[in-house]
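> show me the folded form of this:
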Amino acid sequence: MEAQRAHAFERLTELILRAQAQGSLRADFVPEDVVLLLLANAGVVRVMQAAPPRARGGASSA
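Model prediction:
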């Protein structure tokens with residue numbers, strides 16, 4: 001699993017560098033920014049799974 005994670009991070013870094021080289025991505029963007037976004041998203045998903053359907057945008061009881 002760790003080898004796959006390292007490979008994915010390496011490929012992500014390559015993608016970021018290519019995008020920065022062609023001017024499509026800010027120069028101050030780093031691979032760790034993506035990691036942070038993924039962790040934040042996982043936290044939101046975890047919290048929302050425990051939330052009642054109404055809080056998740058489900059059918060209202062009105």
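
> state the mean pLDDT of stretch 54-61.
Taken as a whole, stretch 54-61 has an average pLDDT of 65.

> residues touching the nearest residue to A27 once chain neighbours are set aside, list them.
In space, and not counting its chain neighbours, A27 is closest to Q20: 5.8 Å by C-beta to C-beta, 6 or more residues apart in numbering. Glycine gets a C-beta too; all of them are placed from N, C-alpha and C. Contact partners of Q20, counting by C-beta atoms under 8 Å, 6 or more residues apart in numbering, are R26, A27, F29.

> kindly report the same for Q22.
Q22 touches nothing, counting by C-beta under 8 Å, 6+ apart.

> quick one: it and P31, what's the gap?
17 Å (C-beta to C-beta, to the nearest Å).

> same check, this time on H7
In terms of C-beta to C-beta, H7 sits 13 Å off from P31.
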